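Undergrad: this is a predicted model, with the sequence first.
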Amino acid sequence: MPLYDTAVPAELLTGMRLARGAIGRGELVVIPTDTVYGVAADAFSPTAVQRLLDAKGRGRTSPPPVLLPGIPTLDALADEIPDEVRALVAEFWPGGLTIILRARPTLDWDLGETRGTVALRMPSDTIALELLSETGPLAVSSANRTGEPAATTAAEAEAMLGGAVAVYLDGGPAGAAYPAAEQRSGSTIVDATGLSAPGPDGAAGKLRIVRHGVIPDAAIARIVGADKCA
């Protein structure tokens, strides 16, 4: 379980090469993100995704989000993207907003019991984006055992996950772009699947804030409209 300091050029090159290889073999890699450290696996390898869930001590009822290398990948993975979601993406991606959408039914993956949805985010961390640009979408969850605080350093992640992870990429403390009180809260998660579904009165549905994270609720409401937030 080697740990590579990405601030050192030689370690960055070696760490990224080994991380790419580990992902290709269905192994796990810990990476920095702009919110907390994440444990990453090939999103299209059911074995790798199960390995991620096992490392965290989670069941299939808690499927991991998927990180994207760029906004165009959103259309490749999501089946329907409401205008409100495109507005949120334009404002907050790359960054700390995770959006739950209906997944394209033709995708050949198994993230767990998703009920046909997928949670998507484009991070702003340069190390994460560089790896994603070479591997494609990765299933990534916070690098900690379930019930433990989210790791904001590679050392914290290693202390919790140990040998379950093949490669640790150390990009320094995560979450520095956000207030200190929010640095372990992770990304804000919104469920946008209801926006295109009619409500009981036949009107369009609403976006639901599932987890309060580094993007304030008020900022979400400012973009989509307070009347569209549940």
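TA: Happy to help now that I have it. Numbering: from 1, shown residues only.

Undergrad: which secondary element of this structure has the worst mean pLDDT?
TA: strand 3-5 (a mean of 90; mean pLDDT, DSSP states H and E).

Undergrad: and the contacts of that strand?
TA: Glu11, Leu12, Thr14, Gly15, Leu18, Ala154, Ala155, Glu158, Val167, Tyr168, Leu169, Asp170 (Cβ atoms under 8 Å, 6 or more residues apart in numbering). Where you see a C-beta, it was placed from the backbone N, CA and C, and this is true even at glycine.

Undergrad: buried among those? Make that a PyMOL selection.
TA: In PyMOL syntax, the buried subset of the contacts of strand 3-5 is picked out as below (16 or more other Cβ atoms under 10 Å):
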select buried, resi 11+12+15+18+154+158+167+168+169+170
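
Undergrad: so where do the helices sit in the protein?
TA: 9-24, 46-56, 73-77, 83-92, 126-135, 154-161, 217-224 (DSSP state H).

Undergrad: and the third one, what does it pack against?
TA: With contacts defined as 3 or more Cβ pairs under 8 Å, 6 or more residues apart in numbering; DSSP states H and E, helix 73-77 has these neighbours: strand 117-121.

Undergrad: okay, now the unreliable bits of this structure?
TA: Applying pLDDT under 70 to the chain flags residues 1, 180-184, 197-204.

Undergrad: change it to 50
TA: 201-203 (pLDDT under 50).

Undergrad: what lines up beside the least confident helix or strand of the chain in the sheet?
TA: strand 167-170 (parallel) (DSSP bridges).

Undergrad: buried residues in stretch 133-142, which are they?
TA: Thr135, Gly136, Pro137, Leu138, Ala139, Val140, Ser141, Ser142.

Undergrad: kindly list the main-chain dihedrals of Glu80?
TA: Main-chain dihedrals, Glu80, degrees, to the nearest 10: phi -150, psi 130.

Undergrad: follow-up on the earlier one: return the closest of the contacts of strand 3-5 with respect to Val85.
TA: Distance ranking of the contacts of strand 3-5 against Val85, using Cβ to Cβ, places Leu169 first at 29.7 Å.

Undergrad: from Ala230, how far out is the closest one?
TA: Distance from Leu169 to Ala230, counting by Cβ to Cβ, to the nearest Å: 37 Å.

Undergrad: could you do Ala143 as well?
TA: Noted for Ala143: a distance of 30 Å to Ala230, by Cβ to Cβ.

Undergrad: neighbour count winner among those two?
TA: Ala143 (32 against 10; other Cβ atoms under 10 Å).

Undergrad: which residues does the more buried one contact?
TA: Counting by Cβ under 8 Å, 6+ apart, Ala143 touches Val30, Val36, Tyr37, Gly38, Val39, Ala150, Ala151, Glu156, Ala157, Met160, Leu161, Val165.

Undergrad: scan those and report the most crowded one.
TA: For the contacts of Ala143, neighbours tallied by other Cβ under 10 Å; top is Tyr37, 33 neighbours.

Undergrad: quick one, phi psi at it?
TA: Dihedral angles (degrees, to the nearest 10) for Tyr37: phi -80, psi 150.
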